[in-house]
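[1] Have a look at this prediction, sequence included:
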Amino acid sequence: MEPMDIVGKSKEDVSLPKATMFKIIKEMLPPDVRVARDTQDLLVECCVEFINLISSESNEVCCREDKRTIAPEHVLKALEVLGFGEYIEEVYAAYEQHKVETLDCPRGGGKWSGAEMTEEEALAEQQRMFAEARARMNNGAATLPKQSDSDRSIDS
């Protein structure tokens with residue numbers, strides 16, 4: 001029997017898309033830097049462990065408040081408890097930007113539904129979000145312009 005890392009999930013069930021993670025790693029480094037495949041795998045595992053740590057602590061914060069749903073405030077408190085307080089402002093800013101972007105979404109009324117996007121649109125949106133995240137990371141709070149509705153192909 002396979003050991004369980006997370007309640008009810010085997011290690012293979014809890015992961016991040018490696019191709020996407022490898023692309024992020026490559027884009028964050030100078031063009032002349034190469035990263036060995038096993039190093040990339042290790043970085044992905046570190047990301048998974050970090051997400052598990054934050055999720056677990058967020059759940060504990062949520063339970064201490066007698067809540068049943070983890071809220072963004074629980075995640076921010078978890079960051080503080082775990083010693084990542086210096087990231088709270090940036091995480092909160094990203095959260096606020098996400099709220100604004102999802103409210104501006106013409107199709108979802110505030111909620112994104114993957115069934116409403118073509119695969120090409122979803123990939124383009126993912127690339128735009130990666131670019132915005134890179135810009136925030138490299139330039140502080142700088143963001144890229146949001147893709148206009150006329151640039152998107154809408155299947156009605």
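    Received the coordinates, thanks.

[2] Report all helices and strands that the helix or strand containing Met129 contacts.
    Using DSSP states H and E, Met129 maps to helix 119-139. The contact analysis (3 or more C-beta pairs under 8 Å, 6 or more residues apart in numbering; DSSP states H and E) places helix 119-139 against helix 18-28, helix 88-104. In short, each C-beta sits where N, CA and C put it, glycine included.

[3] So what angle separates the directions of the shortest one and helix 119-139?
    Put plainly, it is helix 18-28. Orientation check (axes from the mean of the first three to the mean of the last three C-alpha atoms, to 10 degrees): helix 18-28 against helix 119-139 gives 40 degrees.

[4] Pull the contacting residues for Glu27.
    130, 134 (C-beta atoms under 8 Å, 6 or more residues apart in numbering).

[5] tell me how far stretch 41-49 is from the chain's mean position?
    The chain centre lies 14 Å from the centre of stretch 41-49; the measure is C-alpha atoms, centre = their mean, to the nearest Å.

[6] typed the wrong thing, it's stretch 27-44
    With C-alpha atoms, centre = their mean as the basis, stretch 27-44 stands 19 Å off its chain's centre.
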